[in-house]
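A.B. asks: Have a look; sequence and predicted model below, questions after that.
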Amino acid sequence: MEQTVSEDLDHGTLITDITRAAKSDHLAQKLHSNLGTPGLPSGWEWSEGQLKFQGHLYVPNQEILHLQVIHNHHDHPVAGHFGEVRTSELICCNSHWPGLRQMVKDYVASCAMCACAKSLRHKPYRKLKQLLIPSQPWSSISMDFIEQLPASEGFSTILVVIDQLTKQAIFIPSHDTVNAPQVAWLFLTHVFSKHGVPAHVTSDHGSEFVSHFFHSLGKLL
């Protein structure tokens, strides 16, 4: 039975590919040339053309090799479509590469069979709650940030404030590091001076951010 499993997974070809790739891998060759020198992280060793970390085979920085290793331990017919933690544990028994766990997490999350066959293990999400229709303009607004824009006159973010009733928008230049008190000051300058204080604010930054925003706005007023 063990021989059949080994042939199905084709471990021999994969190990050969990993050994061949190690000859041109930057990290593998750098560690190979510096083995035994002071300052080198402990746990690395070179054996029979293979780089190992604490006895685990280092898989060179080639996505096709990483994906093949994960495939063998997750969605191959002899594997069990385990979750990210169990799959990572199985791979770490024999293999190693930087960023392994994050790559396994992304791989398992994208597995179509797991998404179709496995039940959710968290509480059901609540139903979406429809926003009330405002009674007058600028009594209910939404705020959001357009971030990581090319810098222009020292600004890299735009604070977008939209009236929920009329859909009128105000675009305010800002920074990536802006916090609730600073947002309150921008609001005071660009929105309150024209439309007053809203009764309701919607933001994807969460209720805590909105709470800090109103607290800071109250202080400024």
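C.D. replies: Yep, it's here.

A.B. asks: Next, count neighbours for Ile91.
C.D. replies: Neighbour count for Ile91, taken as other Cβ atoms under 10 Å: 23. Every residue, glycine included, has its C-beta placed from N, CA and C.

A.B. asks: ok, and what's touching the helix or strand that Lys52 is a member of?
C.D. replies: Assigned by DSSP states H and E, Lys52 belongs to strand 50-53. Contacts of strand 50-53 with the rest of the structure, by Cβ atoms under 8 Å, 6 or more residues apart in numbering, involve 18-19, 22, 25, 28, 31-32, 43-46, 57-58, 96.

A.B. asks: separation between Lys23 and Leu51?
C.D. replies: 10 Å (Cβ to Cβ, to the nearest Å).

A.B. asks: Between those two, which has more neighbouring residues?
C.D. replies: For Lys23 versus Leu51, the count of surrounding residues by other Cβ under 10 Å is larger for Leu51: 23 against 11.

A.B. asks: Quickly note the distance from the more buried one to Lys30.
C.D. replies: Separation of Leu51 from Lys30 (Cβ to Cβ) stands at 10 Å.

A.B. asks: do the same with Asn94
C.D. replies: 23 Å.

A.B. asks: More neighbours: which of these two?
C.D. replies: Taking neighbours as other Cβ under 10 Å, Asn94 and Lys30 compare with Asn94 leading, 13 against 10.

A.B. asks: Please enumerate the strands of the chain.
C.D. replies: Here the chain has its strands, by DSSP state E, at 44-47, 50-53, 56-58, 95-96, 140-146, 157-163, 169-174, 200-203.

A.B. asks: Which of those sits closest to Asn72?
C.D. replies: Comparison of the strands of the chain against Asn72 by Cβ to Cβ identifies strand 95-96 as nearest, at 9.7 Å.

A.B. asks: Can you give the strand pairings for the closest one, parallel or anti for each?
C.D. replies: Strand pairing for strand 95-96, using DSSP bridges, gives strand 56-58 (parallel).

A.B. asks: Now do the helices in the protein.
C.D. replies: In the chain, the helices defined using DSSP state H lie at 2-9, 11-22, 26-34, 63-73, 84-92, 100-109, 112-117, 180-187, 193-195, 207-220.

A.B. asks: With mean pLDDT and distance to Gln168 added, can I get the ones you listed in CSV?
C.D. replies: Listed next are the helices of the chain as CSV, based on pLDDT from 0 to 100; distance: least, Cβ to Cβ, whole Å:
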stretch, mean pLDDT, distance to Gln168
helix 2-9, 42, 61
helix 11-22, 84, 58
helix 26-34, 80, 54
helix 63-73, 89, 47
helix 84-92, 89, 45
helix 100-109, 91, 39
helix 112-117, 82, 41
helix 180-187, 89, 15
helix 193-195, 91, 9
helix 207-220, 81, 20
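
A.B. asks: Same list (those) but as CSV, adding distance to Gln130.
C.D. replies: Shown next, in CSV, are the helices of the chain (distance: least, Cβ to Cβ, whole Å):
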stretch, distance to Gln130
helix 2-9, 52
helix 11-22, 53
helix 26-34, 53
helix 63-73, 42
helix 84-92, 35
helix 100-109, 30
helix 112-117, 28
helix 180-187, 25
helix 193-195, 23
helix 207-220, 18
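
A.B. asks: Any idea which of those helices gets closest to Pro173?
C.D. replies: Among the helices of the chain, helix 180-187 comes nearest to Pro173, with 8.9 Å by Cβ to Cβ.

A.B. asks: And that closest one, what does it pack against?
C.D. replies: strand 157-163, strand 169-174, helix 207-220 (3 or more Cβ pairs under 8 Å, 6 or more residues apart in numbering; DSSP states H and E).

A.B. asks: Fine by me, thanks again.
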